[in-house]
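S.K.: Just the structure for this:
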Amino acid sequence: MAKNYFNRYVWLIDTINRHGHISREEISRLWERSRLNETGEELYERTFHNHRAAILETFGIEIKCDRSLGYYIANSDDLEGNGLRQWLLESLSLNNLMNESSDMRDRILFEKIPSSRKWLPVFVNAMRDGKAVEITYQSFRRDAPNTFTIHPYCLKLFKQRWYVLGRSDEYDSPWIYALDERMQDAVPLKKALKKPAGFNAADFFSKYFGVVLDDRKPSPIRIKVAADQVKYIESLPLHDSQAMLERTAEYSIYEYYLVPTYDFRREILSHGPDMEVLAPEDFRDEVKADIARMYNNYGL
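M.R.: Below is the predicted model of the structure:
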C-alpha cells in the first residue's frame, strides 16, 4: 500500500465517521480543500469506490450508501464493540486531525512509536495481498541480524511498539517480531502467505497480556488491588477477562484468566505495593523472586 493511499484511506474513514452521513459531492469538496491533497486533484468516482473496497479489505470498515442520507460507516456498532477496531477509528481520527492541523503540532505531545510508519504499511499491504515477507531482523539478544521469510498473521500494538505475529519457514509455530530498530528490512515476496484455516487474531491473543508468547496454558490469576487504585484498574482493565471477586474499604480482589507471562508479571510489578498476586502460587513465587532481586540491587 503506497503511503499516499494509506493516508487517503485514513482521511476517508475519518471524514465519513465524523459526519455520520455525507454525500459523495460533499466528500469531494472536502477532499479538494484538504491539506493532504497537496496537488488539488479531484477524488474521482472510480477512485472513491476503489478506496471503499480497500478500506473494507484492509481495516474491516464497511462504507455503504443510503440514497437519501449519503455514505456512512455501516458496521459502526460492531466497531464500537470491538476494542481493536474502536482504537483504530480513534487513532485514524487523531492522525487525520494532526495532518489537517499541522500548525498545532508543537502544542500536542505524543509518545513515540518506533519505526511504525516505516514498516507498518509494508505488513498491512502484505497481509491484504496474501503475500509472505522477507525480513532482516536482529533481536536484542543476538549479535548479528538474520534474513528469512515469514508469513504474517496479524499486527498488534503494545506499549508504544507495533509487532507482527508470523511464522517463519524455519519454525512450526508462529513468533513475534517487533517493528522497531530490530526490523532492519522487510520486502514483500510473490510467495503466497500461508495462514492456518480459521485463524483469529483476537482469539489467539485472548489468553495473553502483551506480546510474549508462552507454552503454558491459561489459568485463573487472582490479584489484590489497593483501594486507591481500584478506579484506575476498572476504567482501564488489565485484560478482557478481568472480573471483580471481592471488595472492601481497603482493597479489591480481581481474577484474570490468562497465561502468566513475563509481560503480565512486569505489569503487576509496575504498580508497586498497590498490587499483590494471591494465586496461583507458582506465579506469586515468580513475582516474589523479582522483588527479591530488586531488593538486593539496592543493597537493602
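S.K.: doesn't Tyr71 make contact with Gly20?
M.R.: No. The pair Gly20 / Tyr71 is not scored as a contact, 10.0 Å apart, by Cβ atoms under 8 Å. C-beta: built from backbone N, CA, C; applies to glycine.
S.K.: Name the residue in those two with the higher neighbour count.
M.R.: When Gly20 is set against Tyr71 and neighbours are counted by other Cβ atoms under 10 Å, the residue ahead is Tyr71, at 22 against 12.
S.K.: residues contacting Pro152?
M.R.: With contact taken as Cβ atoms under 8 Å, 6 or more residues apart in numbering, Pro152 is in contact with Phe123, Ala126, Met127, Ala132, Val133, Val164, Leu165, Gly166, Leu193.
S.K.: how does it look with 6 Å?
M.R.: With contact set as Cβ atoms under 6 Å, 6 or more residues apart in numbering, Pro152 has these partners: Phe123, Ala126, Met127, Val133, Val164, Gly166.
S.K.: And the helices in the stretch 201-300 of the chain, which stretches?
M.R.: If you assign secondary structure with DSSP state H, counting those that start in this stretch, the helices in the stretch 201-300 of the chain sit at 201-205, 230-235, 262-269, 281-297.
S.K.: so where is the stretch 151-300 of the chain shaky, pLDDT-wise?
M.R.: Applying pLDDT under 70 to the predicted model, the stretch 151-300 of the chain contains no residue that meets it.
S.K.: out of the helices of the stretch 201-300 of the chain, deepest packed?
M.R.: Here the criterion is mean neighbour count by mean count of other Cβ atoms under 10 Å, and of the helices of the stretch 201-300 of the chain the winner is helix 262-269, at a mean of 18.
S.K.: for it, packing partners?
M.R.: For helix 262-269, the helices and strands in contact under the criterion 3 or more Cβ pairs under 6 Å, 6 or more residues apart in numbering; DSSP states H and E are helix 281-297.
S.K.: neighbouring contacts of the helix it packs on?
M.R.: Defining contact as Cβ under 6 Å, 6+ apart, one finds that helix 281-297 is touched by Pro260, Arg265, Leu269, Val277.
S.K.: With distance to Tyr153 as new columns, can these be given to me in CSV?
M.R.: Output for the contacts of helix 281-297, formatted as CSV (distance: Cβ to Cβ, whole Å):
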residue, distance to Tyr153
Pro260, 23
Arg265, 25
Leu269, 30
Val277, 31
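S.K.: Among those residues, give me the pair with the biggest separation.
M.R.: Pro260 and Leu269 (12.8 Å; Cβ to Cβ).
S.K.: about what we covered before: let me have the contacts of Pro152 in a markdown table, adding distance to Pro145 as columns.
M.R.: Formatted as a markdown table, the contacts of Pro152 follow (distance: Cβ to Cβ, whole Å):
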| residue | distance to Pro145 |
| --- | --- |
| Phe123 | 18 |
| Ala126 | 20 |
| Met127 | 23 |
| Val133 | 15 |
| Val164 | 16 |
| Gly166 | 17 |
